[in-house]
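[1] With the input below, show me the fold.
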Amino acid sequence: MSFGERLTLSRKRKNLTQDQLGTAIGTNRDMVGKYERDATVPSIDTAGKMADVLSVSLDYLVRNINPEAETASNLSPLLLGKLENLEKLSIKDQEYLMAVIDAFIAKSKLESIMK
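    This next block holds a predicted model:
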């Protein structure tokens, strides 16, 4: 996954528009669009601001690593294999899947409160 793809996915996961992200990092929507299309690369300072706003690590944005790499060793091989395949899905499919996962987590939290 390229920098632009990871940026787009992270921005959409935070439900931010390009304009909102641009404002938060001190630039504009057009520049965010260029970053997301991999037409240009941000400075390290700008990339750091993006990581902060999007609640991801700078390593995740600029390097081709799994953001859960530190905890991956604790996962079962079956689950780890499935997670690796998720990165191959389109951004839209990843967003749908994240929404489903969020719904299950919310349901579980609600059930634990109701007990």
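[2] Wait, T17 touches N28, no?
    No: here T17 does not reach N28: they are 11.7 Å apart, not a contact under Cβ atoms under 8 Å. (Glycine included, C-beta is placed from N, CA and C.)
[3] helices and strands of the chain: which one bottoms out on pLDDT?
    Counting by mean pLDDT, DSSP states H and E, the chain has its least confident helix or strand at helix 69-72, which shows a mean of 47.
[4] Tell me the helix or strand right after that one.
    helix 77-86 (DSSP states H and E).
[5] and that next one, what other elements does it pack with?
    Here helix 77-86 touches no other helix or strand, going by 3 or more Cβ pairs under 8 Å, 6 or more residues apart in numbering; DSSP states H and E.
[6] Mind splitting this structure into its structural domains?
    The chain breaks down by automatic domain parsing into domains covering 3-62, 71-114.
[7] and those domains, which is most packed in?
    A comparison of the domains of the chain by mean neighbour count, using mean count of other Cβ atoms under 10 Å, puts domain 3-62 on top with a mean of 16.
[8] distance of I44 from G33?
    For I44, the distance to G33 (Cβ to Cβ, to the nearest Å) stands at 20 Å.
[9] Kind regards, and thank you for your time.
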